[in-house]
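Asker: here are the coordinates; sequence isn't available:
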């Protein structure tokens with residue numbers, strides 16, 4: 001059902017919007033080292049929903065949401081050609097190559113590896129995927145990865161505004177409600193529930 005892919009896309013876009021605002025307001029200097037945990041954490045929050053949107057097989061996929069809008073009455077979806085042009089522009093940019101580590105590497109590959117490393121970043125992780133990325137491509141990988149991530153986030157939010165108008169929803173959805181804690185175990189004695 002097309003509306004389900006649009007709703008999944010919108011729920012993911014809430015996280016893109018919140019994380020992009022956090023990246024723009026991130027603490028620390030612009031020239032901070034890539035291993036700056038606060039900076040990486042901000043990009044981690046952004047990279048997870050962006051990674052989902054760029055994954056064609058995900059329910060929150062940008063491509064699926066765009067296809068659902070394209071299948072609808074094109075005349076009723078104002079601004080669709082602008083989103084399509086922005087998406088194609090992003091794809092052209094990601095197909096360009098840059099010289100890193102003595103080889104020409106497509107930006108798409110750097111973005112994919114950056115999103116993977118940032119999304120699963122953990123200072124205590126033994127695999128150190130983020131550090132491996134920097135060792136492989138140098139500090140430029142962080143700059144290219146973060147720029148491409150932010151560019152993708154802007155295109156995602158452009159489509160989100162269009163989807164919101166199509167569904168008749170507010171442009172900015174409220175954050176999802178927090179899951180309430182589970183009810184107390186009825187088999188647990190009352191004094192353990194109170195004094196823990």
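Answerer: Perfect, I can see it now. Just so it is clear, the model here is predicted, and its values are computed rather than measured. Numbers count the residues shown, from 1 in each chain.

Asker: Which of the helices or strands spans residue 104?
Answerer: Using DSSP states H and E, residue 104 maps to strand 103-106.

Asker: mind showing which ranges of the protein have poor pLDDT?
Answerer: Where the chain drops to pLDDT under 70, the residues are 1-2, 24-37, 73-77, 122-127, 176, 193, 196.

Asker: Strands of that one, residue ranges please.
Answerer: 97-100, 103-106 (DSSP state E).

Asker: Now do the contacts for the residue most central in space within the chain.
Answerer: For the chain, residue 50 is the residue whose C-alpha lies nearest the centre (CA atoms, centre = their mean; 1.9 Å). Counting by CB atoms under 8 Å, 6 or more residues apart in numbering, residue 50 makes contact with 16, 115, 149, 152, 153, 156. Yep, even glycine has a C-beta here, placed from its N, CA and C like the rest.

Asker: From residue 101, how far out is it?
Answerer: 24 Å (CB to CB, to the nearest Å).

Asker: Go through the protein and flag its longest helix.
Answerer: helix 140-167 (DSSP state H).

Asker: Report the buried residues of that helix.
Answerer: 141-142, 144-146, 148-149, 151-153, 155-157, 159-160, 162-164, 166 (16 or more other CB atoms under 10 Å).

Asker: Next, the contact list for residue 44, please.
Answerer: Counting by CB under 8 Å, 6+ apart, residue 44 has contacts 118, 119, 121.

Asker: Nearest to residue 43, out of those: which one, please.
Answerer: Using CB to CB, residue 118 comes nearest to residue 43 of the contacts of residue 44, at 4.8 Å.

Asker: Around the nearest residue to residue 4 once chain neighbours are set aside, how many other residues sit close by?
Answerer: In space, residue 4 comes closest to residue 59 once its chain neighbours are excluded; the distance is 7.6 Å by CB to CB, 6 or more residues apart in numbering. Residues lying near residue 59 (other CB atoms under 10 Å) number 15.

Asker: wait, residue 59 sits on residue 7?
Answerer: No. Judged on CB atoms under 8 Å, residue 59 makes no contact with residue 7 at a distance of 9.2 Å.

Asker: Look up how far residue 129 lies from the residue nearest to the centre of the chain.
Answerer: 17 Å.

Asker: next one: residue 11
Answerer: 27 Å.

Asker: same question, residue 104
Answerer: Relative to residue 129, and taking CB to CB, residue 104 is found at 23 Å.
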